[in-house]
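Novice: Below are the sequence and a predicted model; questions follow.
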Amino acid sequence: MSSFLGFGKSNESASAGAAAAAVNPVAEQIKQSIVTELSTAYATTLINSLTENCFDKCYQGRNFTSGDQCVEDCSAKFMRSWNLVSRSYIGRINEGGN
C-alpha cells in the first residue's frame, strides 16, 4: 500500500520485518532439531560400526578373557580412522561439496 510521501511503504516494511522475525525462532528450532537428529544418527552409526568391527572380531565365540586388549586396540584404531574420514568429509563439504 502506497500513500502520500511513501508512508504506506514503511508500514508494509515493518509488517514484513515483524513476520520475518516471527519465523526466525521457528526456523532456528527446526535447524536445532535437525542438528540433534543428525548427531544422534552419527553416534548410532559410530557405535554400530565399532561393534561390528571390533567386538564381533575380538569376541568370536564365548572367549571373553582374551578379547579385552583386542577391543581396546581395535577401538583406538577404529576411532583414529573414523576421525580421519570425518575430518576429510567435513573438509570437502566446507569446500563446496566437490
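Specialist: Arrived safely, thanks for sending. Numbering: from 1, shown residues only.

Novice: how about the helices in the protein?
Specialist: 7-50, 56-58, 67-94 (DSSP state H).

Novice: quick one: which of the ones you listed has the weakest pLDDT on average?
Specialist: For the helices of the chain, mean pLDDT drops lowest on helix 7-50, to a mean of 76.

Novice: Pull up the gap between S88 and N94, please.
Specialist: Here the criterion is CB to CB, to the nearest Å. By it, S88 lies 11 Å from N94. Every residue, glycine included, has its C-beta placed from N, CA and C.

Novice: circling back to that earlier point, for the helices of the chain, give me a markdown table that also has mean neighbour count.
Specialist: Output for the helices of the chain, formatted as a markdown table (neighbours: other CB atoms under 10 Å):
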| stretch | mean neighbour count |
| --- | --- |
| helix 7-50 | 10 |
| helix 56-58 | 14 |
| helix 67-94 | 12 |
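
Novice: contacting residues for W82?
Specialist: W82 is in contact with L46, S49, counting by CB atoms under 8 Å, 6 or more residues apart in numbering.
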